[in-house]
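> No sequence on hand, only this structure:
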Ligand SMILES: Cc1cc2nc3c(=O)[nH]c(=O)nc-3n(C[C@H](O)[C@H](O)[C@H](O)COP(=O)(O)OP(=O)(O)OC[C@H]3O[C@@H](n4cnc5c(N)ncnc54)[C@H](O)[C@@H]3O)c2cc1C
């Protein structure tokens, strides 16, 4: 399994990877010039990976890299691209027409009263149907106008400006394991928007068979490490 479907038309596919748990211990053991053992002592490798993560010795985790294919709504990719350590290549809507695919949730969440950025609970079924049906009609009109503009000869680079951020786009992106785990820490957290959480969760599932000990260490102590980072920020100087 190297592909997971998310949302209504989205997906994450693990296209390529370099390295494994062994790459992490090999990179770490050069510090004390130790011969690296080709995985014959899994117990000590696991302990070392756990120690490294727990104590923030993170550079060995950069020796593993992943490339993903991602299909996601533009508003999700906009959040994703704030993560500067990734390399991205995205479909060009100047070059090619975007397919008429837009994200339309079945269930609309309500604005949270306590968290200005977040949602809390769901609309009641009557309001949900009204909003859902209105969004459906509006999206249908917008994609119709886009297609009409293309048929009338409008340049793709201008026709696209009518499309909403719910429109699906498509990218390939590459990241090392350390920065992927940082991404997952932030974006699978319940403070992140649900629509990006599902992508972070999917990537974690896809990489787990390749770096099981690193994922185990992250699951066990990412909280400690996040607290350590917070401590560093508040105590600097
Ligand atoms: C729940 C949530 C809400 C958010 N809300 C907003 C919002 O309202 N508005 C908004 O603009 N953004 C928002 N963001 C984006 C957020 O501010 C970060 O830009 C984003 O999460 C990327 O984090 P990062 O810089 O740690 O990741 P990356 O850019 O991937 O960087 C990974 C790590 O590399 C290091 N690094 C990378 N670049 C530098 C650098 N130039 N200098 C020093 N170290 C660097 C840091 O250690 C960093 O943690 C939100 C993010 C989350 C998760």
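Perfect, thanks for sending it. Quick caveat, the model's predicted, so the values are computed rather than measured. Numbering: from 1, shown residues only.
> Need the residue closest to the centroid of this structure.
For the chain, the residue nearest the mean C-alpha position is residue 200 (4.1 Å; C-alpha atoms, centre = their mean).
> Can you name the next helix or strand after the longest helix seen in the chain?
Across the chain, the longest stretch assigned as helix under DSSP state H is helix 125-151. Sequence-wise, the next helix or strand downstream of helix 125-151 (DSSP states H and E) is helix 156-159.
> mind listing what's buried in that next one?
Within helix 156-159, the residues that qualify as buried are 156, 159, counting by 16 or more other C-beta atoms under 10 Å. Just so you know, the C-beta spots here come from the backbone N, C-alpha and C atoms, and that holds for glycine as well.
> which other helices and strands contact it?
helix 125-151 (3 or more C-beta pairs under 8 Å, 6 or more residues apart in numbering; DSSP states H and E).
> other SSEs contacting the helix it packs on?
Helices and strands touching helix 125-151, by 3+ C-beta pairs under 8 Å, 6+ apart, are helix 156-159.
> and the chain, which residues reach the ligand?
Taking C-beta under 6 Å from any ligand atom, the part of the chain that reaches the ligand is made up of 82-85, 117, 179, 182, 186-187, 191-192.
> hmm, try it at 8 Å
Within reach of the ligand by C-beta under 8 Å from any ligand atom, the chain has these residues: 79, 82-86, 117, 179, 182-183, 186-187, 189, 191-193.
> So for those, which is the shakiest by pLDDT?
For the residues of the chain next to the ligand, the weakest pLDDT value sits at residue 117, with 81.
> so is the nearest residue to that residue once chain neighbours are set aside in a helix, a strand, or just coil?
With C-beta to C-beta, 6 or more residues apart in numbering as the criterion, residue 117 has its nearest non-adjacent residue at 7.6 Å, and that residue is residue 191. Put simply, residue 191 is coil when judged by DSSP: H, G, I helix; E, B strand; the rest coil.
> Same question for the one 4 residues further on.
The three-state assignment at residue 195 reads helix, by three-state DSSP.
> With residue 173 instead?
At residue 173 the chain is in strand, as set by three-state DSSP.
> just residue 28 next, same as before
Following three-state DSSP, residue 28 is assigned to helix.
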